[in-house]
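In: Fold the following for me, if possible:
(one chain, ligands or ions: 1)
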Amino acid sequence: MAYRHQLKVHNNLGKRLEPFVPIDPQRVRMYVCGMTVYDYCHIGHARVLVVFDVIQRYLRRIYGSPAVTYIRNITDIDDKIIQRANDNGEDFNDLTARFIAAMHEDAAQLGVEPPDEEPRATLHMAEILAMIERLIANGYAYAASNGDVYYDVSRFEGYGKLSGKNPDDLRAGERVAVDEAKDDPLDFVLWKAVKPGEPCWASPWGNGRPGWHIECSAMSTNALGNHFDIHGGGLDLQFPHHENEIAQSEGACGCQFVNYWLHNGFVRVDNEKMSKSLGNFFTIREVLKRYDPEVIRYFILSSHYRSPLNYSDQHLDSARAALTTLYTALRDVEPGAAGEGEQSERFFRAMDDDFNTAEALAVLFELARELNRLKAAGGDTAAVAAELRALAGMLGLLQREPEAFLKGTVAGSEGPDDAAIDAMVAARVVAKQEKSWAEADRIRDALKALGVALEDGAGGTRWRRE
Ligand SMILES: [Zn+2]
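Out: Residues are numbered from 1 along each chain as shown. As a prediction, the model looks like this:
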């Protein structure tokens, strides 16, 4: 199949669907705002990780893997980190090291491929300081009397072009805190003068530490150049974080910063905003105690990345049922050489349409149905199975042995292990051979109570966890 990709993406800079045209097709460059590492990642972080993992996988499919550079930063110094380290009575570096390791574990569990680079603010102070100096030299920033350095928003004409917010409206709203050191309440901090007991770095304006926004401008430019293709992150970062990044980078470099801005939607829990105060706040680790990581990944991809995603047990149960259907279709099938037929074309059309994973998943179900038809008819299943696996692989799904998923125990869950279930199933086979029907039924019911379903077939009895 000679399918020609025509990728379109919803660009939040301009708020419209646009053909994706890389600046250099030999080097597609994407930067995504990563985690602030002072606690475990929650289900909202899981969405950012998985969504941009699928986007980078798909870009590599189109442009070839070496042509794509994917950078996801780590914010390893900020107010919350300092506060938490102080509360714990530990060095902030120990705190961040622990939660960076935890984040990497969570990402790996969810099948998220590591980005090409993971720059950290504390390891890029030189680039951060250089950019602040350039902003001062270009007239976009000023050192205040208290040792802070601020960005002068009134100097940047394009302020608001991403979020659609107008600086005059923002000032009129006066939701911005008035600070005597600032010339204008909209000005934001580039460098914070040190306070007692805080970690700090030397700078031309005295000891201090960078503001959050400047690290992403400095580290993305350092890794990808002054002008690159895609900048991503959660929708909550669009304003002010990404608006400020544009002001900084364009003010410092004098050229367009990013061509395409992609934001994933919010995660809600049972249709409410997720928040610690509502007590509906789930870490990835908590959810992984109850659900297979692939189920979480499937659940995240079952909605379009820009839509709100509603977390609920029902939705995760549906995701598990969907994966059970797909893996059941692949069971007992030897995949052959992967062909790309009509369904592949449908899959690519869906993904080319602003990464429509929900539609792409529907194509996987078409293939599973075809596979089941062929199995029932005794037809050749190898090519369809291979196509199903290959397409699902682009989403990071269906790459395990079907039995491993279908029998899969959820880490940390209670219940019998595989060997115990195998023994009960074997006992039931013996009971049936001895025509002890009541005993066979008793064992079936006992297994059912344990959440194990049996399937009697020509090849014997098989089981899976419900
Ligand atoms: Zn950022």
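In: what about the residue nearest to Ile23 when sequence neighbours are not counted, distance to Lys80?
Out: Spatially, and ignoring its direct neighbours in sequence, Ile23 is nearest to Asp229 (5.9 Å; CB to CB, 6 or more residues apart in numbering). Every residue, glycine included, has its C-beta placed from N, CA and C. Between Asp229 and Lys80 the computed distance is 30 Å (CB to CB, to the nearest Å).
In: higher neighbour count, those two?
Out: Asp229 (22 against 12; other CB atoms under 10 Å).
In: surely the more buried one meets Leu262?
Out: No - at 10.2 Å, Asp229 does not count as touching Leu262 under the criterion of CB atoms under 8 Å.
In: Could you list the contact residues of the chain toward the ion?
Out: 33, 216 (CB under 5 Å from the ion).
In: 6 Å - rerun?
Out: Proximity of the chain to the ion (CB under 6 Å from the ion) is limited to residues 33, 216, 241.
In: Can you give me the neighbour number for the second one?
Out: Okay, so that is Cys216. Neighbourhood size, Cys216 [other CB under 10 Å]: 27.
In: element containing it, please.
Out: Counting by DSSP states H and E, the element that carries Cys216 is helix 212-224.
In: And whatever helix or strand Val295 lives in, what does it pack against?
Out: Take DSSP H and E as the rule and Val295 turns out to sit in helix 293-301. Secondary-structure packing of helix 293-301 (3 or more CB pairs under 8 Å, 6 or more residues apart in numbering; DSSP states H and E): helix 43-63, helix 284-288, strand 309-311, helix 313-330, helix 357-377.
In: any chance of those in TSV, with mean pLDDT too?
Out: TSV is the format used below for these (pLDDT from 0 to 100):
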stretch	mean pLDDT
helix 43-63	97
helix 284-288	95
strand 309-311	95
helix 313-330	95
helix 357-377	96
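In: Compile these into JSON lines and extend it with columns for mean neighbour count and distance to Trp212.
Out: Supplementary listing: these in JSON lines, determined by neighbours: other CB atoms under 10 Å; distance: least, CB to CB, whole Å:
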{"stretch": "helix 43-63", "mean neighbour count": "22", "distance to Trp212": "16"}
{"stretch": "helix 284-288", "mean neighbour count": "18", "distance to Trp212": "23"}
{"stretch": "strand 309-311", "mean neighbour count": "21", "distance to Trp212": "25"}
{"stretch": "helix 313-330", "mean neighbour count": "18", "distance to Trp212": "32"}
{"stretch": "helix 357-377", "mean neighbour count": "18", "distance to Trp212": "30"}
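In: Regarding the residue in the stretch 351-466 of the chain that the ion sits nearest to, what is its secondary structure?
Out: As assessed by CB to the ion, the ion sits closest to Phe355 within the stretch 351-466 of the chain, at 20.6 Å. Here Phe355 takes the coil state, with states given by DSSP: H, G, I helix; E, B strand; the rest coil.
In: returning to that earlier point: export the residues of the chain next to the ion to a markdown table and append columns for pLDDT.
Out: Shown next, in a markdown table, are the residues of the chain next to the ion (pLDDT from 0 to 100):
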| residue | pLDDT |
| --- | --- |
| Cys33 | 98 |
| Cys216 | 98 |
| His241 | 98 |
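In: could those go into TSV alongside distance to Leu371?
Out: Listed next are the residues of the chain next to the ion as TSV, based on distance: CB to CB, whole Å:
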residue	distance to Leu371
Cys33	40
Cys216	45
His241	45
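In: From Lys15, how far out is the residue most central in space within the chain?
Out: By CA atoms, centre = their mean, the mean C-alpha position of the chain lies nearest to Leu49, the distance being 1.8 Å. For Leu49, the distance to Lys15 equals 25 Å [CB to CB].
In: Asp53 too?
Out: As judged by CB to CB, Asp53 and Lys15 stand 25 Å apart.
In: what do you get for Gly234?
Out: To Lys15, Gly234 is 17 Å away according to CB to CB.
In: Spatially, what comes nearest to the residue of the stretch 151-300 of the chain found nearest the ion if we skip its sequence neighbours?
Out: Across the stretch 151-300 of the chain, the shortest distance to the ion (CB to the ion) belongs to Cys216, at 3.2 Å. Excluding its sequence neighbours, the residue lying closest to Cys216 (CB to CB, 6+ apart) is Glu245, at 5.2 Å.
In: from what I can see, that neighbour looks like it's in a helix, true?
Out: Yes - secondary structure of Glu245 (three-state DSSP): part of a helix.
In: That one: how many residues sit nearby?
Out: By other CB under 10 Å, neighbour count at Glu245 equals 28.
In: Please tell me I have it right and it contacts Met219.
Out: No - under the criterion of CB under 8 Å, Glu245 makes no contact with Met219, lying 10.4 Å away.
In: Okay, angle between the strand or helix carrying Asp87 and helix 212-224 too, please.
Out: Using DSSP H and E, Asp87 falls within helix 79-88. Orientation of helix 79-88 against helix 212-224 (axes from the mean of the first three to the mean of the last three CA atoms, to 10 degrees) gives an angle of 110 degrees.
In: what does the helix or strand that helix 79-88 is followed by contact?
Out: Sequence-wise, the next helix or strand downstream of helix 79-88 (DSSP H and E) is helix 92-109. With contact meaning CB atoms under 8 Å, 6 or more residues apart in numbering, helix 92-109 is reached by 35, 37-41, 45-46, 49, 74, 76-77, 81-82, 84-85, 88, 114, 122, 199, 284-285, 288, 293.
In: can you give me phi and psi for Thr226?
Out: You called it Thr, but residue 226 is Asn. Dihedral pair for Asn226: phi -70, psi -30, per degrees, to the nearest 10.
In: how about it, what does it touch?
Out: Here Asn226 is in contact with 249, 253, 255, 257 (CB under 8 Å, 6+ apart).
In: Kindly report the same for Val54.
Out: 301, 305, 355, 357, 394-396.
In: Of the residues you listed, just say which sits nearest to Asp422.
Out: Ranked by distance to Asp422 (CB to CB), these are led by Gly396 at 29.9 Å.
In: per-residue confidence at that closest one?
Out: With respect to pLDDT, Gly396 scores 98.
In: who touches it in this structure?
Out: Applying CB under 8 Å, 6+ apart to Gly396 gives the contacts 50, 53-54, 57, 111-113, 297.
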